[in-house]
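Undergrad: here is a sequence together with a model predicted from it:
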Amino acid sequence: MPAHSSSLRSRFRNLWLALLVAPLAAAAANRDIYLYKGADRAERLLAQAKKEGTLVLYSTMTLEDANPLIGAFEHKYGIKVRMWRAVNQKLVQRALAEARAGQLAADAFEGSGPGLEILHEEGLLEQFYSPAFADIPQEAFPHHRYYAPDNLLFTVMGYNTKLVKPSDVPTTYEDLLAPKWRGKIGIESSNVAWFAAVAKAMGEEKGLAYFRSLAANAPQIRSGHTLLTELVAAGELPIALTVYNQAVDKLKDKGAPIDWKALQPAFGRADGIAVAKSAQHPHAALLFADFVLSPDGQRYIKQASRVPVNRRVDSSFDKHIFRIIDLAALLKEWDKWESRWQALFLRERK
């Protein structure tokens, strides 16, 4: 065998090993950064983050909510945040496609719990430590700790206060089955997690029977929680069963004739922030996570009508009437519940 052939194969083998080992080494180095708890953590983290100078954030936050938070971080630390924003499904798709090509650009992720669960399952996230964890209720964290909650999002019933008299406001799920609400209730098309949580809380058999009755009452299906909330505020729908508390509060604060009520069993989810295992700017990513979870960052979360998780930031929202959805457990049953949801609400009904 020619010597040059053996040498060429050796060079290719060394290159392949380098391509394989380099990401593993970077991930290990990032993990050490993310989990460091030494007394000099704050000083060391800030110094190294300033050297990196920037970070890439993938987020589902609207620009209206994100810009004040990011602006405050950039002003405080002089570190630039480049944010790419998309709805949950598109964010997950882009991140997975980039990761499989070995070109993931994101240093940090901020978004919906279900999306972060998928990114964790695919191995894109890394555990991290923040001093703010001491001020966040432990039940809001996923058990695996691969992301941290940064706000609580509650699914509530919204209603138009001009179209629904106080005496007619439904107070139970069963009230929505009344003939007078036939065709007048809006449901958001993607609420599989809420559907599964409520049905199981009612008792699976009883819960599924209830949702079959609700489907028979011909609810209107809409895509987008913001759109659904706006339709109620505009009077195009008197009631929407699955809107987010913060979206209703925003419109209510602007004078819209809308309010919300939590029907029991009531559920919410923790949206969160995560750092990428392969982040190119790990110190900046961790510093940003620290800021978002700190009282300073959480006040911007509150200003966006979201429910802060840090107990050092006051919130008038009564979190005791809600249960937090276990997204990690739900993900294991997702196909079953999604199939049921589609059969009830998304397939064309005759």
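TA: Done, it's in.
Undergrad: C-alpha from now on. contacts and neighbour counts both.
TA: Fine.
Undergrad: centroid-nearest residue for the chain?
TA: Ser112 (1.2 Å; CA atoms, centre = their mean).
Undergrad: now do the SS call for the residue nearest to that one when sequence neighbours are not counted.
TA: What sits nearest to Ser112 in space, not counting adjacent residues and going by CA to CA, 6 or more residues apart in numbering, is Asp271, at 4.6 Å. Counting by DSSP: H, G, I helix; E, B strand; the rest coil, the backbone at Asp271 sits in strand.
Undergrad: got the confidence number for Asp271?
TA: pLDDT for Asp271: 90.
Undergrad: contact partners for it?
TA: Asp271 is in contact with Glu110, Gly111, Ser112, Gly113, Pro149, Asp150, Asn151, Leu152, Leu153, counting by CA atoms under 8 Å, 6 or more residues apart in numbering.
Undergrad: could you export those residues as JSON lines, including distance to Arg312 and pLDDT?
TA: Output for the contacts of Asp271, formatted as JSON lines (distance: CA to CA, whole Å; pLDDT from 0 to 100):
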{"residue": "Glu110", "distance to Arg312": "21", "pLDDT": "97"}
{"residue": "Gly111", "distance to Arg312": "22", "pLDDT": "92"}
{"residue": "Ser112", "distance to Arg312": "23", "pLDDT": "87"}
{"residue": "Gly113", "distance to Arg312": "22", "pLDDT": "87"}
{"residue": "Pro149", "distance to Arg312": "15", "pLDDT": "96"}
{"residue": "Asp150", "distance to Arg312": "13", "pLDDT": "96"}
{"residue": "Asn151", "distance to Arg312": "13", "pLDDT": "93"}
{"residue": "Leu152", "distance to Arg312": "15", "pLDDT": "89"}
{"residue": "Leu153", "distance to Arg312": "18", "pLDDT": "85"}
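Undergrad: the spatially closest residue to Ala106 that is not a sequence neighbour sits in which helix or strand?
TA: Nearest-residue entry for Ala106: Val56, 5.0 Å, with adjacent residues in sequence omitted and distances by CA to CA, 6+ apart. Using DSSP states H and E, the element containing Val56 is strand 54-59.
Undergrad: parallel or antiparallel, list what pairs with that strand.
TA: Strand 54-59 has the following sheet partners, assigned by DSSP bridges: strand 80-85 (parallel), strand 108-111 (parallel).
Undergrad: what packs against the helix or strand following the first one?
TA: Going down the chain from strand 80-85, the next helix or strand is helix 88-100, by DSSP H and E. Contacts of helix 88-100 with other secondary structure elements, assessed using 3 or more CA pairs under 8 Å, 6 or more residues apart in numbering; DSSP states H and E, are made with helix 113-121.
Undergrad: how far is the helix it packs on from where the chain is centred?
TA: With CA atoms, centre = their mean, to the nearest Å as the basis, helix 113-121 stands 9 Å off its chain's centre.
Undergrad: how about stretch 253-268?
TA: 19 Å.
Undergrad: so Phe128 touches Leu35, yeah?
TA: Yes - contact between Phe128 and Leu35 holds when scored by CA atoms under 8 Å: they sit 5.1 Å apart.
Undergrad: of these two, who's got more company?
TA: Phe128 (22 against 15; other CA atoms under 10 Å).
Undergrad: what kind of secondary structure is that one in?
TA: Applying three-state DSSP: Phe128 is coil.
Undergrad: picking that back up, ok, the residue nearest to Ala106 - contacts?
TA: Per CA under 8 Å, 6+ apart, neighbours of Val56: Val81, Arg82, Met83, Trp84, Ala105, Ala106, Asp107, Ala108, Ala285.
Undergrad: let's go with 7 Å and repeat that
TA: By CA atoms under 7 Å, 6 or more residues apart in numbering, the contact list for Val56 reads Val81, Arg82, Met83, Ala105, Ala106, Asp107, Ala108.
Undergrad: that one and Ala270, how far apart?
TA: Distance, Val56 to Ala270, by CA to CA, to the nearest Å: 22 Å.
Undergrad: can you list the residue ranges for helices in this structure?
TA: Taking DSSP state H as the criterion, the chain contains helices spanning 3-35, 41-52, 63-77, 88-100, 113-121, 192-202, 204-216, 225-233, 245-253, 282-293, 295-303, 327-332, 334-341.
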